[in-house]
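Participant: sequence first, then the predicted structure, then my questions.
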Amino acid sequence: MIILYSTPNSPSQVIIQKLNIMKAAAAAVLVALAHRAVAQSDFCPFAGIDPPETQLPEGHAPVPLGSTKGLHGGLLMCPHLKASADPGQKTFKGCTCKSSCGATLDFGNSKCDWCYTEGNCGHYSILRLAYYDYCDYSKIDDYEAKTWQEKHADTWAKVTADKTTGKYPNLAGIFAESVMTSFDNFREEMPAGRVKYIHSIGAMCQIKTKIASDSPFTGLLEANAQISGMVRMGGAAPLSKTGIVPGIGWKFYRTGVVSADFVSLWKLTGTGASFDFFAVNQTNHVPKPSDIITKIGGQKFSQASNCVNAVGLSDLCQYNQDGKKSSKLVFPYKLLFVPQIHLPSSPTTQEGMNARLESIKKGTTIYKMMSLSSPKATWQYLGDIVTDSECTMSNYGDNKLFFRHQRFEDDLKLRPEWINEMDASECFPKAPTSVAPASCADEKASIEF
């Protein structure tokens, strides 16, 4: 028998202690049930192959899905653990990973990616009887040293090598995946085993634009700049009776530094009756969640940002395409992309939507880009987004290519005056703030239960 508390000083302390015990027990049950659901859905927190027993980390053996056998098996140990890490994968403590990186519900509600480590390096997990640490996705210097043209050409070759598509997995799996990685991976590819639970299928297109001569911004958006990049256009979720939830990933390679990436949406729900991808505008600031489903999803994303319905743009203006750093950083508060073409609006299948997007030809002006320099500014024309290739479906785009999100808090740190200019309701789940949630590098625990 375990004694949980001694004789209290007052009846109120008894009640408080019993409530705490009940809360802890309830939390443990919820974690166990969540792990059972994840395991039985075949969307393992460590997605990958079923490895032979000899490839599992020391002290672990494969167990049936949903099994409760063993403290570090079953509900708290994913049976699909992928043993091999990405080459050279390190952790924040400098450890070498001997498994792939991924998140699990029992480690901070899947906030951070972690891996099993070589030697006695990092933190120690009592339940898993093994050492682990949180994965570091810092940029790869040798790759980033290349010219933007080299990096762009290399990625486009991979994009066009296989035109088969990915698939939309069970969306529930996103709650066992780290959202922090969406913001803190400074590499061009997703970590081994990571799954795109949203925006799972998309068409890739090369693009170009000439920035307007009166642009007040720097970096890629400086006046008269002629820039090249690529976009990935697709639905955030499978097509449904509410139409499509159109979204875009934007990527611009730069010489000597990491690519400038951002994402855009219309809002978090579908277009209604229309299946035209270009029926609505795109922006980096969307309305906050309005229904229970998107609010639940928003709470998951709040592990990484306190303003989940906006992404930052300051990195876009830090460097120009040739890698020259801006001497005085000036960046927009908001971008708006106004469609210049339309596709059929009639209901269609996913295959039909893919064909519609692939019908876009080289040289097509798809969007007019507008900007707000501050929350209270007026809209200003920045340039036309023109396709520089035909658009294509891509297995690499769906399953490996990564588009980093920048926290909106980064922009507010540089422009704190915007906080008072914004309406408090413009951010979810909190009012606008320059303070972001703690990063995975700040995880200090030395023992994990």
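Facilitator: Right, received. Where do you want to start? Residues are numbered from 1 along each chain as shown.
Participant: doesn't residue 246 make contact with residue 280?
Facilitator: Yes. Taking Cβ atoms under 8 Å as the definition, residue 280 is a contact partner of residue 246 at 6.6 Å. Glycine gets a C-beta too; all of them are placed from N, C-alpha and C.
Participant: between the two, which one's more packed in?
Facilitator: Neighbours were tallied for residue 280 and for residue 246 using other Cβ atoms under 10 Å; the higher tally belongs to residue 246 (26 against 21).
Participant: for residue 383, name its beta-bridge partners.
Facilitator: Applying DSSP bridges to residue 383 gives these bridge partners: residue 369.
Participant: just the strands in the stretch 251-400 of the chain please.
Facilitator: 257-265, 282-283, 334-339, 365-372, 380-387, 392-393 (DSSP state E, counting those that start in this stretch).
Participant: returning to what we had before: find residues that contact each of residue 280 and residue 246.
Facilitator: The overlap between the contact sets of residue 280 and residue 246 (Cβ atoms under 8 Å, 6 or more residues apart in numbering) consists of 266, 271.
Participant: ok, back up a step: want to try JSON lines for the strands of the stretch 251-400 of the chain, with distance to residue 306, mean pLDDT and mean neighbour count as columns?
Facilitator: Putting the strands of the stretch 251-400 of the chain into JSON lines (distance: least, Cβ to Cβ, whole Å; pLDDT from 0 to 100; neighbours: other Cβ atoms under 10 Å) gives the following:
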{"stretch": "strand 257-265", "distance to residue 306": "17", "mean pLDDT": "98", "mean neighbour count": "21"}
{"stretch": "strand 282-283", "distance to residue 306": "19", "mean pLDDT": "97", "mean neighbour count": "22"}
{"stretch": "strand 334-339", "distance to residue 306": "18", "mean pLDDT": "98", "mean neighbour count": "20"}
{"stretch": "strand 365-372", "distance to residue 306": "21", "mean pLDDT": "98", "mean neighbour count": "19"}
{"stretch": "strand 380-387", "distance to residue 306": "28", "mean pLDDT": "98", "mean neighbour count": "19"}
{"stretch": "strand 392-393", "distance to residue 306": "35", "mean pLDDT": "98", "mean neighbour count": "20"}
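Participant: could the ones you listed be laid out in TSV, adding distance to residue 177?
Facilitator: As requested, the strands of the stretch 251-400 of the chain are exported to TSV (distance: least, Cβ to Cβ, whole Å):
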stretch	distance to residue 177
strand 257-265	16
strand 282-283	24
strand 334-339	27
strand 365-372	30
strand 380-387	30
strand 392-393	23
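Participant: closest one to residue 124 among those?
Facilitator: Proximity to residue 124, assessed across those by Cβ to Cβ, is greatest for strand 257-265 (33.1 Å).
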